[in-house]
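Trainee: With the sequence up front, the predicted model follows.
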Amino acid sequence: MSDPHPARASFEKEDKRTFLQKIAEFIHPGPDSKAELIETLADAQDNDIIGAESRVMLEGVIRMAELTAGDVMVAAPRMDLLDIDSPVDEVLGVVMDTAHSRFPVFEGDRENIIGILMAKDLLKLQRAPELNIRALLRPAVFVPETKGLNDLLREFRGNRNHLAIVIDEFGRVAGLITIEDVLEQIVGEIEDEFDIDEDEGDIYALADRTYRVSGDTEIERVAEAFAVTLAPSDDDQDFDTIGGLIAHEMGHVPKRGEHHTMAGLNFVVLHTKGGAVRWFKVSPVPPDDRTG
């Protein structure tokens, strides 16, 4: 039997707020902009309604809605690519040096991305040597620079492709973006196997009597720790971090496994990310091996 008063029933379902609630909302209306919403989150933290980490994540979600793939991608010049025509040993060397889990593969020209290689799939070559790298490729996903991060995250979750090639307005490769790049906009930088707890510091001793030093450590701190003087070879340059100084002295973006000797110290690149050195392995150079 139908409701004889459908309009009244609809009204009752629409608004169940009490008179006092309506008055309170009239006096203290909710935020009507993203800036006000972020301020509301700050007030909520101050009032112990949410914790600091929750506030950071919620703010990240809000700000992420305004970001696109082009805003957070790894630019094309800094992409680690594999050439389909390279020997398997050379491909394995690049995979081990960069320590990525996924690699765009090109043929002929770097713009011609033909697929994505999963590092773990290379293990199949040991069981079936007759296979070639082309047979291991997975389809590449292409997205425009203007792709919103919200939509991109939804697609990453839906199709289980955790890497996409970013294309500019002219159809050229602008860079690449991973699901990790997107999630870091919400939760902050995602630590990996090379990262350490904050209370362990950015310079600490290893079991083999060498040291691990983060690339963003201030030069003065490294100099003080090892009792050396660290300065660029040309006085016109000025750097704040040890990673920036070493990259300048090497003359290029360092890659994993490369090393550079400076001020009696040997800096070996352990890990890079986004074109910057994340970790060095540092050890004093034996006096007999020093030059000059």
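Mentor: Done, it's in. Numbering: from 1, shown residues only.
Trainee: need the contact list for L123.
Mentor: Shown in contact with L123 (Cβ atoms under 8 Å, 6 or more residues apart in numbering): no residues. All C-beta spots, glycine's among them, are computed from the backbone N, C-alpha and C.
Trainee: And the strands in the stretch 1-150 of the chain, which stretches?
Mentor: Along the stretch 1-150 of the chain, the stretches classed as strands by DSSP state E, counting those that start in this stretch are 74-75, 82-83, 102-107, 109-118, 142-144.
Trainee: out of those strands, deepest packed?
Mentor: Stretch with highest mean neighbour count among these: strand 102-107 (a mean of 20; mean count of other Cβ atoms under 10 Å).
Trainee: For it, which strands pair with it and how are they oriented?
Mentor: strand 82-83 (parallel), strand 109-118 (antiparallel) (DSSP bridges).
Trainee: phi, psi of the residue most central in space within the chain?
Mentor: What sits nearest the mean C-alpha location of the chain, by Cα atoms, centre = their mean, is D181, with 4.4 Å. D181 has phi and psi values of phi -60, psi -40 when expressed as degrees, to the nearest 10.
Trainee: so it touches V72, yeah?
Mentor: Yes - using Cβ atoms under 8 Å, D181 is in contact with V72, at 5.1 Å.
Trainee: for stretch 140-153, the distance to its chain's centre please.
Mentor: The chain centroid and the centroid of stretch 140-153 are separated by 16 Å under Cα atoms, centre = their mean, to the nearest Å.
Trainee: Pull out the CA atoms of that stretch and give them to me as CSV.
Mentor: Coordinates of each C-alpha in stretch 140-153 appear next as CSV, following Å, rounded to 0.1, in the frame of the first residue of the first chain:
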residue,chain,number,x,y,z
ALA,A,140,52.6,0.1,-21.1
VAL,A,141,49.9,2.4,-19.8
PHE,A,142,50.0,6.0,-21.1
VAL,A,143,48.3,8.9,-19.4
PRO,A,144,48.3,12.7,-20.2
GLU,A,145,50.1,15.2,-18.1
THR,A,146,46.7,16.7,-17.1
LYS,A,147,45.5,13.4,-15.6
GLY,A,148,44.3,14.1,-12.1
LEU,A,149,46.0,12.1,-9.3
ASN,A,150,42.6,11.1,-7.9
ASP,A,151,41.6,9.5,-11.2
LEU,A,152,45.1,8.0,-11.7
LEU,A,153,45.1,6.4,-8.3
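Trainee: What are the buried residues along that stretch?
Mentor: Buried residues in stretch 140-153, counted by 16 or more other Cβ atoms under 10 Å: 140-141, 143, 145, 147-149, 152-153.
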